[in-house]
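3D model of this:
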Amino acid sequence: MASLSCCTALCCVICLEKPKYRCPTCRVPHCSLPRFQKHKEQCKRATGPVEKKIRSALTAKSWESAVLRSLMLNPLLRQLMVDLDQVDDKANLMQACMQEPLFVEFVDCSLSIVELSQNTDP
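Below you'll find the model as predicted:
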């Protein structure tokens, strides 16, 4: 039987079944909703003040941007984001995504929102 450490990316950490859910905080896979919910109650990944500031700025300001909203309506961009979220080798997929003009436009727009919020905060 394979060790748990080599299997955790492909199967549930508890029963080794194929995962249907992933914790959005720590990315640990789970096979069922009850197991995921139990884990989620206990999961406490510490986020630093900078990360919290960027996340809050991005969520607050991003929906004020009509450009970003219109980009997010594009099915190709949405699929790229889903793929990027689910893939194990994020670096290679990110390189490929950066060749896609639509994705580059999304990244530029997101970064401009974050930079703008950092410049306006004391």
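
next helix or strand past the helix or strand bottoming out on mean pLDDT in the chain?
In the chain, no helix or strand scores lower on mean pLDDT, DSSP states H and E than helix 4-7, which sits at a mean of 38. Per DSSP states H and E, the first helix or strand lying C-terminal to helix 4-7 is strand 21-22.

counting contacts, what elements does that next one pack onto?
Secondary-structure packing of strand 21-22 (3 or more Cβ pairs under 8 Å, 6 or more residues apart in numbering; DSSP states H and E): strand 29-30, helix 33-42. (C-beta placed from N, C-alpha, C; glycine too.)

Need those in CSV (columns: mean neighbour count, distance to residue 66 and mean pLDDT).
Below are these laid out as CSV (neighbours: other Cβ atoms under 10 Å; distance: least, Cβ to Cβ, whole Å; pLDDT from 0 to 100):
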stretch, mean neighbour count, distance to residue 66, mean pLDDT
strand 29-30, 22, 36, 74
helix 33-42, 13, 33, 78
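
Quick one: closest of these to residue 107.
strand 29-30 (27.0 Å; Cβ to Cβ).

tally of neighbours for residue 28?
Neighbourhood size, residue 28 [other Cβ atoms under 10 Å]: 18.

Verify the contact between it and residue 39 for me.
Yes. The pair residue 28 / residue 39 is scored as a contact, 6.4 Å apart, by Cβ atoms under 8 Å.

How about the longest helix seen in the chain, which residues are buried there?
For the chain, the helix with the greatest residue count under DSSP state H is helix 101-120. Neighbour-count burial for helix 101-120 flags 103, 106, 109-110, 113-114, 117 (criterion: 16 or more other Cβ atoms under 10 Å).
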